[in-house]
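Engineer: Provided below for reference: sequence and predicted model.
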Amino acid sequence: MNSHRPDALDEALSKLPKSVPTERDLWPRIQAQIEAERPGKDARRGFTPRWYQLAAGVLLVLASSVTTFVIMRDAQERAPAVATTELPRPEIAAMPASFAGYRLGEDYTKARAQLDLEFEQRLALLPPEAREKVERNLADIRAAAREIADTLAEHPTDPLLHELLMSTYQSELQLLAHVTQMAPATTKRVQL
Amino acid sequence: MEMSETVGRADREPSSDELLVAGARRGDMRAFERLYRMHSGRVYGLCLRMTRRPDAAEDCVQQTFVRAWRNLASFEGRSSFATWLHRIAVNEVLTQARNRGTRSESDEERVAELDREQDGDAPFDAADVMDVERALQSLPEGARYAMVLQALYGYTHEEVADMLGIAVGTCKAQVHRGRRLLRERLGLPEAET
Amino acid sequence: MKSIAYGLLALLIAHAAAGETVERTVKAAPDGEVDIVNVAGAVHVIGWDRSEVQLRAEIGSNVEEVELEQRGERILIRVKLPSGEDGGTSSLRVHVPRNSAVSVNTVSASQTLEGVRGEQRLQSVSGSISTEIASEDFQAKSVSGAIRVTGNGETSVRITSVSGSIDLDNVGGELDMNTVNGGMRVTGGAIDRARLKTTNGQLRFDSALKQGARLDAEAINGTIDIKLRGTVDADFDIETFNGSIRNCFGPKPERTSQYAPGSALRFKEGKGSARVRLKTLNGAIELCR
């Protein structure tokens, strides 16, 4: 496929410039962000909407089931070792702020609380029967996570349990994101 | 920066990228700025064609270079620095797309805008670079991603598949589809098989 | 083929009366997009050879209007309900050019698609989804509606469901499927990559693995039942914490720990070109050919 002879389409495409100048110089912003993250600085000071977006991004990337561990480690490196406290809304959030040595950080906690909030709002728009199903399934996931976490307490070094726990948290996030992302058109309240 | 320090082996002249990367790794921000000056245009071109939105593309460039800085230690020099940057950029685009949901309103607005820009009954004109650009932008996401990376930036199907996290076969199918749609939209004849 | 440019906004609105049937036909691009939204009732989409979209809507009570809007190569069909009110059951039958990209969005309305070869994005809360797919990307999301997909060829499939079942027949290529309590069944087709995940559902896979394929299946409390068709050339990594492992390929599973009940099984069949990873907490795993 790489060797097709140049034809009119290739010719047309070859005229497109590969390099496109940005309308403004982005370097100052890049430099500022790098400087803010340099070691020695208090990383917490760098908590800006951008950080918030990053954390939310981590959440949604998690929720869309991409490689979990890498992201978690990445989050751990970036985020200061702070959040071992309980989440602000423990009745909704089953996922702790840190577990199994993976500290999830303040940004994560905030983004997570935001996702929970959006989820609750969107859930309220679902037809009652669907809402009940979502809640029941969420409870099932959380029960599974609890079971794994309890087992992990007895066998703290079991790698399978670590993997399954992470994966179950991921399922939980995915369910939250799944409901939150359902297009508004279908979340109009109707009698089923 | 002291360039003499970074020339480790006499048998091979390191490229200016290599020298600058080595400098940047030691924390030399000026070296990294030069890398930015040399590569940002291509990264922006790639991001712009994939995201179709200047603001998202600028964000993509910024995050690409920030990530590159953070991960300079892991750049092993097996691929060129440009390729490495492009991989990060593609990753950034995919993450942005996922966070936005696959069909955001702004995307739809942009597509509607493209429709409006397309005047009357005339198809896009293959001789007009802007029209080729617009035709490329009108492609569906999957086909556009694959076309931008394969046909425009010259990556192989294997490399593109790897960058996008799809199978090689899927990549080939997307490029095939992209080419077919572009031909239609540019009023170009079907290629000989 | 020349590209066709359409007038931007051809807007047809049917102010419908209950029990009325509305029919509209508009010219459409052979590979444009068709978006359909209907809350309750049914949506039936049929791919055909004409460059036209034909809508036939049987309108139930309490529907405000049915809208058919054309924006360039995109056609939007919407059943609108009076705001804040319930009901509004309508049945739509939509013929679309075979290669159209189709998206359907419903709450309790069932979705049936046949003969559509373009990309499909389907979303339903509780209505069932039943479709045929070709080689273009496919995405479906559901809360409790069952999803049934019949394929013919290679494609990329992403399905998320909460408690609805997922049933794939003869779909090859890349699969990414998740469910909490719904069962999952993959039959036929040859797989490049598959990520199958369930919390409590039963997971059954009865397909072939291509050279270098990857199959990752995970169930917490659900069972995993794998049957590999054709020549098997793969590296296996199977692990369960409390469940049992049954393997038809020969090697016996080993206890992973003296203290924990878990067992694991790692072996290679053939040259080990494909990679199969199966994990459960409590569910049983069965691997056969």
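Structural biologist: Cool, got the structure.
Engineer: pLDDT score for residue 88?
Structural biologist: Using chain A here. pLDDT for A:Pro88: 28.
Engineer: actually chain B
Structural biologist: Reading off the per-residue confidence, B:Ile88 sits at a pLDDT of 94.
Engineer: Enumerate the beta-bridge partners assigned to C:Ser124.
Structural biologist: Bridge pairing for C:Ser124 (DSSP bridges) gives the partners C:Thr106, C:Ser142.
Engineer: In which helix or strand does B:Val43 reside?
Structural biologist: Assignment of secondary structure by DSSP states H and E places B:Val43 within helix B:29-51.
Engineer: Apologies, that question was intended for B:Ala143.
Structural biologist: helix B:141-147.
Engineer: Mind listing what's buried along the very next helix or strand once past that helix?
Structural biologist: Elements were assigned by DSSP H and E; along the chain past helix B:141-147, the next helix or strand is helix B:157-164. Residues of helix B:157-164 classed as buried under the neighbour-count rule (16 or more other C-beta atoms under 10 Å in any protein chain shown) are B:His157, B:Glu159, B:Val160, B:Ala161, B:Met163, B:Leu164. The C-beta positions use only the backbone N, C-alpha and C, and glycine is treated the same way.
Engineer: closest to chain A among those residues?
Structural biologist: In terms of C-beta to the nearest C-beta, no member of those lies closer to chain A than B:His157, at 6.3 Å.
Engineer: gap between that closest one and chain C?
Structural biologist: Shown here: B:His157 relative to chain C, a distance of 14 Å by C-beta to the nearest C-beta, to the nearest Å.
Engineer: I'd guessed that residue sits against B:Cys171; true?
Structural biologist: Yes. Using C-beta atoms under 8 Å as the test, B:His157 is close enough to B:Cys171 to be in contact (4.8 Å).
Engineer: that older thread, can you give me the angle whatever helix or strand comes next after the helix holding B:Val43 makes with helix B:29-51?
Structural biologist: Downstream of helix B:29-51, the next assigned helix or strand under DSSP H and E is helix B:54-70. Using axes from the mean of the first three to the mean of the last three C-alpha atoms, to 10 degrees, the direction of helix B:54-70 lies 140 degrees away from that of helix B:29-51.
Engineer: wait, does helix B:54-70 contact chain A?
Structural biologist: Yes. In this structure, helix B:54-70 sits against chain A according to C-beta under 8 Å from any C-beta of the partner chain; the contacting residues are B:Pro54, B:Ala57, B:Glu58, B:Val61, B:Gln62, B:Phe65, B:Val66, B:Trp69, B:Arg70.
Engineer: so what's C:Val53 up against?
Structural biologist: Remark: with contacts taken as C-beta atoms under 8 Å, 6 or more residues apart in numbering or on different chains, C:Val53 is in contact with C:Thr25, C:Val26, C:Ala28, C:Val34, C:Leu68, C:Ile75, C:Val94, C:His95, C:Val96, C:Pro97, C:Ser100.
Engineer: circling back: who touches both of B:His157 and B:Cys171?
Structural biologist: Shared contacts of B:His157 and B:Cys171, defined by C-beta under 8 Å, 6+ apart, comprise B:Gln150.
Engineer: Residue of chain B closest to chain A, please.
Structural biologist: With distances taken as C-beta to the nearest C-beta, chain B approaches chain A most closely at B:Gly41, which sits 3.4 Å away.
Engineer: nearest residue to that residue other than its sequence neighbours?
Structural biologist: Sequence neighbours aside, A:Ser19 is the residue nearest to B:Gly41 in space, at 3.4 Å (criterion: C-beta to C-beta, 6 or more residues apart in numbering or on different chains).
Engineer: So that neighbour sits against B:Leu46, correct?
Structural biologist: No. Counting by C-beta under 8 Å, A:Ser19 does not reach B:Leu46; the two are 9.5 Å apart.
Engineer: how close does the residue nearest the centre of chain B sit to C:Gln120?
Structural biologist: Against the mean C-alpha coordinate of chain B, by C-alpha atoms, centre = their mean, the closest residue is B:Leu46 at 2.7 Å. Taken as C-beta to C-beta, to the nearest Å, the spacing of B:Leu46 relative to C:Gln120 amounts to 28 Å.
Engineer: that older thread, tally of neighbours for the residue of chain B closest to chain A?
Structural biologist: Other residues near B:Gly41 come to 16 when the count uses other C-beta atoms under 10 Å in any protein chain shown.
Engineer: any idea how far it lies from B:Leu35?
Structural biologist: 12 Å.
Engineer: Would the helix or strand A:Ala12 falls within count as contacting chain B?
Structural biologist: Assigned by DSSP H and E, A:Ala12 belongs to helix A:8-14. Yes. Using C-beta under 8 Å from any C-beta, helix A:8-14 reaches chain B at A:Ala8, A:Leu9, A:Asp10, A:Ala12, A:Leu13.
Engineer: How about stretch C:176-193?
Structural biologist: Yes. Contact of stretch C:176-193 with chain B (C-beta under 8 Å from any C-beta) involves C:Asp192, C:Arg193.
Engineer: What is the end-to-end distance of that stretch?
Structural biologist: Across its full length, stretch C:176-193 reaches 8 Å end to end, with C-alpha to C-alpha, to the nearest Å as the criterion.
Engineer: Give me the mean pLDDT for it.
Structural biologist: Per-residue pLDDT over stretch C:176-193 has a mean of 93.
Engineer: go on, stretch C:214-229?
Structural biologist: For stretch C:214-229, the mean pLDDT works out to 94.
Engineer: can you pull the buried residues of it?
Structural biologist: Under 16+ other C-beta under 10 Å, the buried positions of stretch C:214-229 are C:214-226, C:228.
Engineer: can you redo those residues as CSV with distance to B:Ser138 and secondary structure?
Structural biologist: As requested, the buried residues of stretch C:214-229 are exported to CSV (distance: C-beta to C-beta, whole Å; DSSP: H, G, I helix; E, B strand; the rest coil):
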residue, distance to B:Ser138, secondary structure
C:Arg214, 34, strand
C:Leu215, 37, strand
C:Asp216, 36, strand
C:Ala217, 39, strand
C:Glu218, 39, strand
C:Ala219, 42, strand
C:Ile220, 44, coil
C:Asn221, 47, coil
C:Gly222, 43, coil
C:Thr223, 47, coil
C:Ile224, 43, strand
C:Asp225, 45, strand
C:Ile226, 43, strand
C:Leu228, 42, strand
